[in-house]
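Asker: this is a predicted model, with the sequence first.
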Amino acid sequence: MTSTDTATTPLEQVDRVVIRFAGDSGDGMQLTGDRFTAETASLGNDLATLPSFPAEIRAPAGTLPGVSSFQLHFADHDVLTPGDRPDVLVAMNPAALKANIGDLPRGGVVIADSDEFTKRGMSKVGYATNPLEDGSLEAYQVHALPLTHLTVEALAGSGLSRKDAERSKNMFSLGLLSWLYDRPTDGTERFLRTKFATRPTILEANLNAFRAGWAFGETTEAFAVRYTVAPAPHTPGVYRNITGNTALALGLVAASHRSGLPLVLGSYPITPASDILHTLSGLKRFGVTTLQAEDEIAGIGIALGAAFGGALGVTTTSGPGVSLKSETISLAVSLELPLVVVDVQRGGPSTGLPTKTEQADLLQALYGRNGEAPVPVVAPQSPADCFAAAIEATRIATTYRTPVLLLSDGYLANGSEPWEIPDVASLPEIDPQFATEPNAVADDGMTPVFRPYLRDPETLARPWALPGTAGLEHRVGGIEKADVTGEISYDPDNHDRMVRLRQAKIDGIDVSPVDVDDPGADVDGPAPVLVLGWGSTYGPIADAVRQARAAGQRVARAHLRHLNPFPANLGEVLRAHRRVLVPEMNLGQLSLLLRGIYLVDVVGCNQVRGVPFSSHELVDAIAKTSEEATQ
Amino acid sequence: MSTGTVGLGMPGTRSGTEGVPGLPEGISLTKKDFTSGSEVRWCPGCGDYAILAAVQSFLPQLGIRRENLVCISGIGCAARFPYYLDTFGMHSIHGRAPAIATGLATSRPDLSVWVVTGDGDALSIGGNHLIHALRRNVNITVMLFNNRIYGLTKGQYSPTSEVGKVTKSTPAGSLDNPFNPVSLALGAEASFVARTMDSDRTHLQAVLRAAVEHRGSALVEIYQNCPIFNDGAYEVLKDRDEAQARIVPLTDGEQVRFGREDAEQVVVRRVDGLGVEVVPADAAADREVVVHDAGAQDPTGAFALSRLDDVSMAHVPMGIFRSVQRPVYDDLAREQVRDAVDAAGGPASDEDLTALIAGGDTWTVS
């Protein structure tokens, strides 16, 4: 089977498609989406994905809370978001249809497993009559197909029970969709062979179901046309598809490799950050040590202990875990030791929405500690960008001897996009510059001594002196230290000086200026409206700004990687525009900071629905702000 | 993914300080070398002074470089200890020292890592970290100073205070049943558990030496007097006659006997088979006297001995309850990394990293 066989169904070229696969949590929708994404990536389309699943591992089968979905947007051009609304909905049961049909625009395609629309299945979600048959879906192009039955039939003779055979229906659907969108299939076949290498019966079943799905597409007359999407123009290079959590883990490994610091991860499992722990635990070959701690506090304690010993200490968690770690982050601020704290944000407060995305930990990252405890904050803007952001967080932590908060989120963590694989030699160098000898002389004017809080005049960083280095024995602690000597000090003026020094060190971190994308600024001056974002809102904002410009509006756009310290030119950038629109998946945390620090009355655009912004809501907000700016 | 198990091998008899660089031939250190310039700020008469002096004079005997010794503490009076040792040290936050020490010990096999803690720090706010460090058997030495009171916060009852203790926070008497730290540690299957006392320098040093030489987590409970908020807590053990009648010295391989010659007592198995009890030696003619076996893999015997003790201190076993070899967490963690690196042919090169980053599924745009 290949993607270039002589299909009789005509092939139509389209520029973009958004598909949503939806089913029960146990139906394998995430795997189906992942595989379709991999096929699409290897074809050279640009893409973005949005997995969405319940916090429960197996919510009651067939119910609305149990619906799991995976949305993929692919195109022959630059893709910035996973798409506001799907063009195609694959619904494996009534619950999946009911939960998702509202997002489908009129004329959209529904492919549903008609076998699952039984009386019992429909009653679980309140369908009195069969929506596939009662005309309620007449605004859509509905393909009601007996996917379960077709799968079981295709696997007759496999030796599998009916129940086990049914489990392959996701592969049947994947085969059908692969045919419909002319995707290559060898990657999926290879994937299945690896995944089920030790279970030949299951392997055969999945392969046969997958091929049967493709063959069904070819032979059925249900589909009048197939679609193809041409590759997107990418700069030449080698590409892969990558999720944020994977990119973040690999970025940490790369930072460890470039700095020569062995990576020690102390972590406690928590959604949606656990995949970073899983990935790193498999990378011992890269000198990575992972310790699954007894709790969140131990996770960061382990990382800090390793950092004291000269390792790249890292802890990974989500918002609730950051709350538990705050005392240790505060200790690291006081000890002035390098530490990377990864917060994959999710909906809060408390347990909140474990599997949904949010950006509401910004103020916690900045201020969630006792005392004046400044911590640099770095945020990636897309799944692949988590790689570079992890290296940047490590650079700052190591150079300035400070804990750094790396703020990813649930959307970045599980979403994916194509990524041009970087050249390792081009990655930033990180030099830990360990202290190797005494750095001062004693009061007698002769005896060399080590002063653990004698700072580098440029960076204000203190020396990182490792246990095992003779002559540098010293004690550090959370009690206030005397400037330079590090001895315990309760002196009021010393405390005032130390608080200001720690603040000045963070304020003085060298971060790149924020770039403003403002076509026409050279001729017409700054656009009246600036849209400023941070973190994962990058894609939706860029997409919305593109649409606003296409509609004739002058809009500038800028995105913050550094939330502390802010880039030195930020105030100037904010003041150059009549209105500044700040979209955030929180109730206005960056807005609060900008107003407080720069006295600029920015306009917030805020939602906390657990999903990324849709482009259209941002387009509306930009239009409204543009109107106000030109009044 | 399946959750199968992988054989991790059996531990050899390695010393706790194996891998820690020793002093060059002919060089030895003195107590002075381990004494930092920091002014000691415990209250006059505090038992911590005696422990500090005992430790400072004992450390040179280990023959290891002082720069390779790290002392980590939490919060409390005992937690000031690292400041007074001229080694590397960290005075961290309340209860977390075992976690921090776990990270350090795992990443640095060339260090002798010590934790100094108190009854509140180790058993109340840090109880979770303590039991998990013991469970994992990380190669650290934990000195738990037990004065049965909160000193630094000025005299509230602690998790080892006796029931009914009247303190500032319990004017009508405390309601909590106290922990027996030795029983707790044995319950967590600690591989080394001992008890000693601030005022008995010889015993303290002997126990500490065994603890440091033990590979794995060693918990040493040290009875320590707080002269300000709980003075005399262990007075009955400091009076010579009383001590003789109450302290049950544990010596590996020997019968458990104690008391004056004319009033000797022995520890025998209870008739119901559950645990042990103390009986006068002359009334135990037909009973088998317990022979202490600190090396027994099953902690049941050691646990039974630990139950002889209660807050009345009628009988207080002192010495090494348990000392067994079992797999050491940080050794195994490093071994997993080393095996993976060796299997891959050595440390990762730029090419290896490039291959990792690329993953299995790539495509080329030309």
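Answerer: Yep, it's here.
Asker: beyond the host helix or strand of A:Phe70, next helix or strand please.
Answerer: A:Phe70 is part of strand A:67-75 when elements are defined by DSSP states H and E. Later in the chain than strand A:67-75, the nearest helix or strand by DSSP H and E is strand A:88-91.
Asker: ok, residue 128 - contacts?
Answerer: Unless you meant another one, I'm taking chain A. Each residue near A:Ala128 by CB atoms under 8 Å, 6 or more residues apart in numbering or on different chains is listed here: A:Met122. Every residue, glycine included, has its C-beta placed from N, CA and C.
Asker: was after chain B, sorry
Answerer: B:Asn128 is in contact with A:Glu294, A:Asp295, A:Ala298, counting by CB under 8 Å, 6+ apart.
Asker: for chain B, what are the nearby residues on the stretch 451-600 of chain A?
Answerer: For the stretch 451-600 of chain A, the residues in contact with chain B (CB under 8 Å from any CB of the partner chain) are A:467-479, A:487-488.
Asker: can you flag the buried ones in those?
Answerer: A:Pro467, A:Gly468, A:Thr469, A:Leu472, A:Glu473, A:His474, A:Arg475, A:Val476, A:Gly477, A:Gly478, A:Glu487, A:Ile488 (16 or more other CB atoms under 10 Å in any protein chain shown).
Asker: neighbours of the spatially closest residue to the second one that is not a sequence neighbour, how many?
Answerer: The shortest distance from A:Gly468 to any residue other than its chain neighbours is 5.3 Å, reached at B:Asn68 (CB to CB, 6 or more residues apart in numbering or on different chains). For B:Asn68, the number of neighbouring residues by other CB atoms under 10 Å in any protein chain shown comes to 23.
Asker: that older thread, ok, so of the buried ones among the residues of the stretch 451-600 of chain A next to chain B, who is nearest B:Phe321?
Answerer: Closest approach to B:Phe321 among these (CB to CB): A:Pro467, at 30.4 Å.
Asker: hmm, B:Trp114 and the closest one touching each other?
Answerer: No: checked against CB atoms under 8 Å, the pair A:Pro467 and B:Trp114 is beyond contact range at 11.6 Å.
Asker: what touches both of these two?
Answerer: With CB under 8 Å, 6+ apart as the test, A:Pro467 and B:Trp114 both reach B:Leu69, B:Val70.
Asker: ok, of the buried ones among the residues of the stretch 451-600 of chain A next to chain B, which one's closest to chain B?
Answerer: Taking CB to the nearest CB as the measure, chain B lies nearest A:Gly477 of these, at 3.0 Å.
Asker: next one: phi and psi at residue 274?
Answerer: Since you didn't name a chain, this refers to chain A. In this entry, A:Ser274 is assigned phi and psi values of phi -60, psi -30 (degrees, to the nearest 10).
Asker: if you could check chain B rather than the one you did, that'd help
Answerer: phi -100, psi 100.
Asker: for B:Tyr234, give its distance to B:Thr106.
Answerer: For B:Tyr234, the distance to B:Thr106 (CB to CB, to the nearest Å) stands at 35 Å.
Asker: for the contacts of B:Asn128, which one is nearest B:Val248?
Answerer: Set against B:Val248, the nearest of the contacts of B:Asn128 by CB to CB is A:Glu294 (33.1 Å).
Asker: for that closest one, grab the count of nearby residues.
Answerer: So A:Glu294, with other CB under 10 Å, has 21 neighbours.
Asker: helix or strand: which one has it?
Answerer: Counting by DSSP H and E, A:Glu294 is part of no helix or strand.
Asker: was I right about it contacting B:His129?
Answerer: Yes: A:Glu294 sits in contact with B:His129 when judged by CB under 8 Å, with a separation of 6.8 Å.
Asker: intersection of neighbour lists for those two?
Answerer: B:Ala99.
Asker: can the host helix or strand of B:Asp342 be found next to chain A?
Answerer: B:Asp342 belongs to helix B:329-343 when assigned by DSSP H and E. Yes: remark: helix B:329-343 sits within contact range of chain A at B:Ala333, B:Arg334, B:Gln336, B:Val337, B:Asp339, B:Ala340, B:Val341, B:Ala343, by CB under 8 Å from any CB.
Asker: pull out the buried positions in the next helix or strand after that helix.
Answerer: Beyond helix B:329-343 on the C-terminal side, the first helix or strand identified by DSSP H and E is helix B:350-358. By 16+ other CB under 10 Å, the buried positions in helix B:350-358 come out as B:Asp352, B:Leu353, B:Thr354, B:Leu356, B:Ile357.
Asker: restricting to C-alpha, output helix B:350-358 in PDB.
Answerer: What follows is helix B:350-358, C-alpha atoms only, in PDB (Å, rounded to 0.1, in the frame of the first residue of the first chain):
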ATOM      1  CA  ASP B 350      27.800  16.200  20.000                       C
ATOM      2  CA  GLU B 351      26.800  13.600  17.400                       C
ATOM      3  CA  ASP B 352      25.000  11.500  20.100                       C
ATOM      4  CA  LEU B 353      23.100  14.600  21.200                       C
ATOM      5  CA  THR B 354      22.200  15.500  17.700                       C
ATOM      6  CA  ALA B 355      20.800  12.000  17.200                       C
ATOM      7  CA  LEU B 356      18.800  12.200  20.400                       C
ATOM      8  CA  ILE B 357      17.300  15.600  19.400                       C
ATOM      9  CA  ALA B 358      16.400  14.300  15.900                       C
END
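Asker: ok, then the element right after it?
Answerer: That would be, after helix B:350-358 and using DSSP H and E, strand B:362-365.
Asker: and that following strand, what does it pack onto?
Answerer: Under the contact definition 3 or more CB pairs under 8 Å, 6 or more residues apart in numbering or on different chains; DSSP states H and E, strand B:362-365 sits against strand A:237-243.
Asker: from the chain's centroid, how far away is the strand it packs on?
Answerer: Here strand A:237-243 is found 15 Å from its chain centre; the criterion is CA atoms, centre = their mean, to the nearest Å.
Asker: please apply the same query to stretch B:51-65.
Answerer: Worked out by CA atoms, centre = their mean, stretch B:51-65 lies 16 Å from the chain centre.
Asker: ditto for stretch B:80-92
Answerer: Per CA atoms, centre = their mean, the centroid offset for stretch B:80-92 relative to its chain is 17 Å.
Asker: spatially central residue for chain B, please.
Answerer: Against the mean C-alpha coordinate of chain B, by CA atoms, centre = their mean, the closest residue is B:Leu219 at 1.6 Å.
Asker: ok so, going back, please identify which of the buried ones among the residues of the stretch 451-600 of chain A next to chain B is nearest to A:Leu599.
Answerer: Nearest to A:Leu599 among those, with distances taken as CB to CB, is A:Gly478, at 35.1 Å.
Asker: which residues touch the closest one?
Answerer: Applying CB under 8 Å, 6+ apart, the residues near A:Gly478 are A:Ser330, A:Leu331, A:Ser334, A:Leu335, B:His91, B:Ser92, B:Ile93.
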